[in-house]
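Colleague: Predicted model follows, preceded by the sequence.
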Amino acid sequence: MAQYARGAAAVAVIRLRNPPVNALSWLLVTEPLISFSLTVLQALEDGLKRADADPSVKAVTICGENGKFSAGADIRGFSSPRKQGLGLGPIVSLIERSEKPVVAAIEGIALGGGLEVALGCHYRIAHVQARMGLPEVTIGLLPGAQGTQRLPRLVGVPAALDLITTGRHIPATEALKLGLVDEVVEENTVEAAIRLANKLIGQPLGPRRLSLKPVPKLPNMEAFLSEALAKVKKRAQGCLAPELCVQAIKAATEQPFADGVRKEQELFNILLTSGQAKAMQYAFFAERAVEKWTTPSGASWKSASPQPIRKAAVIGLGTMGRGIVTSLVKAKIPVVALEQNLEYLNMGRNAVMLLLEREAMKMEQGAQALDFHNPARLQFAVDFDVLRDVDLVIEAVFENMALKKEIFSNLSRICKPEAFLCTNTSALNIDEIASVTGRPQQVIGMHFFSPAHVMRLLEIIYGRQTSPTTIATAMQLAKVMKKVGVVVGNCFGFVGNRMMFPYSQQAVFLLEEGSRPEDVDQALEDFGLKIGPFRMSDLAGLDVGWRSRKDQGLTGPSLAPGTPARQRRGYRYSPLPDLLCEKGRFGQKTGKGWYEYEKAGGRTAKPDPWVHSFLCEYRNAHQIKTRFIDQEEILERCLYSLINEGFDILAEGIASGPEHLDVVYINGYGWPKHRGGPMFYASTVGLPNILAKLQKYSEIHPDIPQLRPSAFLKKLVAMGSPLLNDWMSHLHKQSNKL
Ligand SMILES: CCCCCCCC(=O)CC(=O)SCCNC(=O)CCNC(=O)[C@H](O)C(C)(C)COP(=O)(O)OP(=O)(O)OC[C@H]1O[C@@H](n2cnc3c(N)ncnc32)[C@H](O)[C@@H]1OP(=O)(O)O
Ligand SMILES: NC(=O)C1=CN([C@@H]2O[C@H](COP(=O)(O)OP(=O)(O)OC[C@H]3O[C@@H](n4cnc5c(N)ncnc54)[C@H](O)[C@@H]3O)[C@@H](O)[C@H]2O)C=CC1
């Protein structure tokens, strides 16, 4: 809705009202042409017409309810099959054409269609704490209400390209510098806008109508745009929206306003029906859905209250601990950082300081805001006694159960009784770790992803005895650190690494059968993954998995004599990664792994002829017939085995819905958002197709259990492949087709 009122004698105030974010919903026909609800857009149009018709109104102010201008179009409306009625673009034009000055009073947020409404206004005043942006690209669209045509006219092509292709939100101060707003105020923005509107009465509005302005020229516009297009395409990795955003802006530079708007509509419609927009909008809501966590025992976000964390500690300042400390400092939580001895402590301190310096440089108030030189904010120590007053500890020492147990037993003794004890283990059993403490209800997994100060994902793993308060506290801490917390159950590898295991395993089997590392990586990167499995393995270090396989008795001295080279516990096993490690090829850190690098620590992967001939010798030695493996098989075997594990995870209740798995993969494993996450992708491929392919591959490879279709997948197919949101409701239903 929108509320119409008189703000001063001659100024009408139109207030957008649609809690919680004043999304601009459009006319929704509930039954064709019989009944309909008056929506924000309709109300906005009515308000404008009413102001226009009333001779006593001389100016208009548009603002939003509850200190928020508007978050833009109602995203749920894009997938509504019965969507009809008003478009936002014509309303923005209507605002601009008004003969009475219209001033936007921007408080809180003006995003997407919300900002496009403001661009139709003749003046824009923003509160100093407001944020603005055109984030449509992040949900697979472009600003489809003439924003791609107005913004370049107002702020120039380079700034418009940046804002529209990244979708980033900018603060009011930056908007002022760009010329996006005319004034920034610290006082009541609506009152300031009404005062300005009053002053503008009778002044000419022509120069304020953006559609009438030319796009500011650049000396090398064509070259500039083609360079921008190339950059955007490379960054987008198959996502269509950024590229079409550039095309729409290009139209603004080449065509009159009305033609540019037509082009914008054409491109918008391509995106709207591309499937990518649907996937990205699903991802948007999935991220919000996982905040509302539940566990099989009935605990949930609704009834559990988080406890305040006033001071935290991190134990172990290696790869992960450094990033975790940085994230906590950025979240303004005082931290104590601990190491095993002074030598490691100094190394860790230097690394943390470097990360914080870099982070401070990216911030407006810099180091001052982070205040990390203040020992009350960040303290380094080797003595565990400093842990007495902390509210929460995050342990990030080596992945070794005995060491973790020793640490947790000490923590249980030293920390105050109400303190929460968290482990960053990648795969170890949370219950076993909790068992050595006197407070298993306050023990929880907080699994960060590397680099921990950058990656948004935080898997939050509850054990058998973890209390709802502990889960709620970990989730709250994730939010404060600007991470996406996903609550999952306790099993080897939790959700992310467990699904990754069959995927990486297939990748190595494909090498045995005839692929090269670069073929497998290329196929998966072309699909949209940020990094293929072999480049990833080189980056993370092959020795990490090697150590874990040795601990599990799969390789190394503890392997029983006489074990067949390519079989473990009766199933297929590939010793290829072990063989590379035995040759000291640990990946980037040693300059050689699945690829070769310019030097130890180098970052540029080059296909390695040594690896190619090593693979040939290996296949010969084991009498494996080499065959050509096409891209389709690479994708299907790697991705469908990962998805298959996902169905098992759902069936076991380790995650409470497919969105959880998708959010984990998008935010922690570089899964392309425009494909919506692995489980959403499975729903778009069609569950019967996935099942048929898994059946085919598992018949060819009966010794790979990970290719055997999950019982839950089979059940869903037998039940007619319900929509993704209904999968979980079918978990315990009987199927008469089974
Ligand atoms: C054929 C038709 C042609 C039409 C022409 C096209 C017009 C366009 O150009 C297209 C558009 O405007 S697309 C929309 C662009 N806007 C956005 O992407 C902003 C999305 N929202 C945000 O970033 C944060 O929610 C925000 C920063 C706003 C707030 O963050 P918070 O962390 O404070 O809160 P959240 O938990 O994220 O949100 C609160 C509740 O609001 C829901 N919501 C947010 N934005 C929405 C939106 N734009 N539409 C619908 N629902 C929205 C959000 O899901 C959450 O709901 P609950 O989880 O149920 O509480
Ligand atoms: N490296 C990665 O990508 C990820 C690792 N993890 C997990 O995080 C944990 C840490 O891994 P990384 O940071 O990679 O290991 P790392 O080997 O880089 O660092 C571990 C640090 O712990 C310190 N440490 C060992 N014993 C200690 C003690 N008794 N007291 C205090 N400090 C001690 C070591 O000196 C070392 O600096 C492991 O459980 C690992 O599985 C989780 C996610 C990703």
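Modeller: Structure received. Ligands and ions are numbered 1, 2, ... in the order given.
Colleague: And the pLDDT for the closest residue to residue 407 other than its chain neighbours?
Modeller: Once flanking residues are discounted, residue 407 sits nearest to residue 395: 5.6 Å by CB to CB, 6 or more residues apart in numbering. Placement of C-beta: from N, CA and C, glycine included. Looking at residue 395, its pLDDT reads 98.
Colleague: neighbours of residue 395, just the number please.
Modeller: 23 (other CB atoms under 10 Å).
Colleague: quick one: it and residue 420 touch, right?
Modeller: No. Counting by CB atoms under 8 Å, residue 395 stays clear of residue 420, with 11.4 Å between them.
Colleague: how much space is there between residue 199 and residue 256?
Modeller: 32 Å (CB to CB, to the nearest Å).
Colleague: can you pull the contacts of residue 570?
Modeller: Applying CB atoms under 8 Å, 6 or more residues apart in numbering to residue 570 gives the contacts residue 703.
Colleague: Equivalent analysis for residue 201, please.
Modeller: Neighbouring residues of residue 201 by CB under 8 Å, 6+ apart: 10, 58, 59, 100, 101.
Colleague: May I ask which of those residues has the most neighbours?
Modeller: residue 59 (27 neighbours).
Colleague: And for that one, nearest residue in space, chain neighbours not counted?
Modeller: Counting by CB to CB, 6+ apart, residue 197 is the residue found nearest to residue 59 once chain neighbours are left out, at 3.8 Å.
Colleague: That neighbour against residue 101, yeah?
Modeller: Yes. With contacts counted by CB under 8 Å, residue 197 reaches residue 101, the gap being 5.8 Å.
Colleague: before we move on, back to that, return the residues in contact with the residue nearest to residue 407.
Modeller: Residue 395 touches 315, 316, 404, 407, 408, 411, 421, 422, 423, 424, counting by CB under 8 Å, 6+ apart.
Colleague: Between these, which sits nearest ligand 2?
Modeller: Checking the contacts of residue 395 against ligand 2 with CB to the nearest ligand atom, the nearest one is residue 316 at 2.9 Å.
Colleague: Torsion angles phi and psi at residue 300?
Modeller: Per-residue torsions, residue 300: phi -160, psi 170 (degrees, to the nearest 10).
Colleague: next one: residue 583
Modeller: Residue 583 adopts backbone torsions of phi -90, psi 10, taken as degrees, to the nearest 10.
Colleague: quick revisit: export the contacts of residue 201 to JSON lines and tack on distance to ligand 2?
Modeller: JSON lines is the format used below for those (distance: CB to the nearest ligand atom, whole Å):
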{"residue": "10", "distance to ligand 2": "62"}
{"residue": "58", "distance to ligand 2": "62"}
{"residue": "59", "distance to ligand 2": "57"}
{"residue": "100", "distance to ligand 2": "59"}
{"residue": "101", "distance to ligand 2": "56"}
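Colleague: Report whether the host helix or strand of residue 158 contacts ligand 1.
Modeller: Per DSSP states H and E, residue 158 falls inside helix 157-166. No. Using CB under 6 Å from any ligand atom, helix 157-166 stays clear of ligand 1, coming no nearer than 10.2 Å.
Colleague: picking that back up, intersection of neighbour lists for residue 197 and residue 101?
Modeller: Shared contacts of residue 197 and residue 101, defined by CB under 8 Å, 6+ apart, comprise 59, 60, 123.
Colleague: Ligand 1 versus the second one, what's the distance?
Modeller: Counting by CB to the nearest ligand atom, to the nearest Å, the separation of residue 60 from ligand 1 is 21 Å.
Colleague: ok, now which ones touch that residue?
Modeller: 11, 12, 13, 14, 48, 51, 98, 100, 101, 102, 103, 197.
Colleague: Mind listing the residues bridging to it?
Modeller: Taking DSSP bridges as the rule, residue 60 bridges to residue 12, residue 102.
Colleague: Can you read off the pLDDT for it?
Modeller: If you check residue 60, the pLDDT there is 96.
Colleague: Likewise for the one 5 residues further on?
Modeller: The per-residue pLDDT reported for residue 65 equals 93.
Colleague: Likewise for residue 233?
Modeller: Reported pLDDT at residue 233 in the predicted model: 95.
Colleague: That one is in contact with residue 245, isn't it?
Modeller: No. Assessed by CB under 8 Å, residue 233 is found out of contact with residue 245, at 11.2 Å.
Colleague: And these two? Which one has more around it.
Modeller: Neighbour totals were compared for residue 233 and residue 245, and residue 245 leads with 32 against 15 (other CB under 10 Å).
Colleague: Check which helix or strand the more buried one maps to.
Modeller: Using DSSP H and E, residue 245 sits within helix 240-254.
Colleague: Tell me how far that helix lies from the chain's centre.
Modeller: Centroid separation for helix 240-254 versus its chain: 24 Å, with CA atoms, centre = their mean, to the nearest Å.
Colleague: so which of the contacts of residue 395 are also by ligand 2?
Modeller: Near ligand 2, taking CB under 6 Å from any ligand atom as the test, the members of the contacts of residue 395 found are 315, 316, 407, 424.
Colleague: The first one contacts residue 338, doesn't it?
Modeller: Yes. With contact defined as CB under 8 Å, residue 315 and residue 338 form a contacting pair (4.8 Å).
Colleague: Output the contacts of residue 60 as a markdown table; include the columns pLDDT.
Modeller: Converted to a markdown table, these look like this (pLDDT from 0 to 100):
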| residue | pLDDT |
| --- | --- |
| 11 | 94 |
| 12 | 95 |
| 13 | 95 |
| 14 | 95 |
| 48 | 94 |
| 51 | 94 |
| 98 | 96 |
| 100 | 96 |
| 101 | 97 |
| 102 | 98 |
| 103 | 98 |
| 197 | 96 |
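Colleague: re earlier: now for whichever helix or strand comes after the helix holding residue 158, which elements pack on it?
Modeller: Next in sequence after helix 157-166, counting helices and strands by DSSP H and E, comes strand 170-171. The contact analysis (3 or more CB pairs under 8 Å, 6 or more residues apart in numbering; DSSP states H and E) places strand 170-171 against strand 131-133.
Colleague: contacting residues around the strand it packs on?
Modeller: Residues outside strand 131-133 that contact it (CB under 8 Å, 6+ apart): 106, 108-112, 115, 118, 126, 163, 167-172, 175, 180-181.
Colleague: Give the pairing partners of it; include direction for each.
Modeller: Partners of strand 131-133 in the sheet, by DSSP bridges, are strand 109-111 (parallel), strand 170-171 (antiparallel).
Colleague: close to ligand 1, is the last one?
Modeller: Right, strand 170-171. No. For strand 170-171, no contact with ligand 1 is found by CB under 6 Å from any ligand atom; the gap never falls below 12.5 Å.
Colleague: Quick check: phi and psi at the residue of the stretch 151-300 of the chain found nearest ligand 1.
Modeller: Going by CB to the nearest ligand atom, ligand 1 is nearest to residue 288 of the stretch 151-300 of the chain, at 4.1 Å. Residue 288 has phi and psi values of phi -80, psi -30 when expressed as degrees, to the nearest 10.
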